[in-house]
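**Q** pasting the structure only:
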C-alpha cells in the first residue's frame, strides 16, 4: 500500500456518511453557506457544522468568508469526480 491508496481511502471515508455525501453533492453544483445546507439536508446547523469540519479536515472543502457568512466549495477534484460519476 502506498500514499496514493491511503489518500483515496481517506476521501472515500469522508464521503461515506450520507449527510456528508449530500453536502458534497450539493456543493458540486455550486458554493453554498451553512444555512442553505441545513435546508437541503434537513438536519440541524450543529450537525451540518460537524460534518463540514470532517470534510474540511479531509481536504475536500474550502471556505471563503463573504461578509459574516462562509461559502463552501469542493476543492478536491477526486471528490468532485466521485459525485459526478454517481449522477
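**A** Perfect, I can see it now. The structure presented is a predicted model; accordingly, all values stated were derived computationally and were not measured. Numbers count the residues shown, from 1 in each chain.
**Q** could you pull out the helices for this protein?
**A** Ranges of helices within the chain are 3-15, 18-29, 34-41, 45-57, 77-86, based on DSSP state H.
**Q** Might one say that residue 70 is in contact with residue 33?
**A** Yes. The pair residue 70 and residue 33 passes the contact test of CB atoms under 8 Å, sitting 6.5 Å apart. No exception for glycine: its C-beta is placed from N, CA and C like everyone else's.
**Q** who's in contact with the one residue sitting closest to the centre of the chain?
**A** Nearest to the geometric centre of the chain sits residue 24, at 3.8 Å (CA atoms, centre = their mean). Applying CB atoms under 8 Å, 6 or more residues apart in numbering, we find residue 24 in contact with 15, 55, 60, 61, 74, 79, 83.
**Q** can you redo the residues you listed as JSON lines with pLDDT?
**A** Output for these, formatted as JSON lines (pLDDT from 0 to 100):
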{"residue": "15", "pLDDT": "96"}
{"residue": "55", "pLDDT": "97"}
{"residue": "60", "pLDDT": "97"}
{"residue": "61", "pLDDT": "96"}
{"residue": "74", "pLDDT": "96"}
{"residue": "79", "pLDDT": "96"}
{"residue": "83", "pLDDT": "94"}
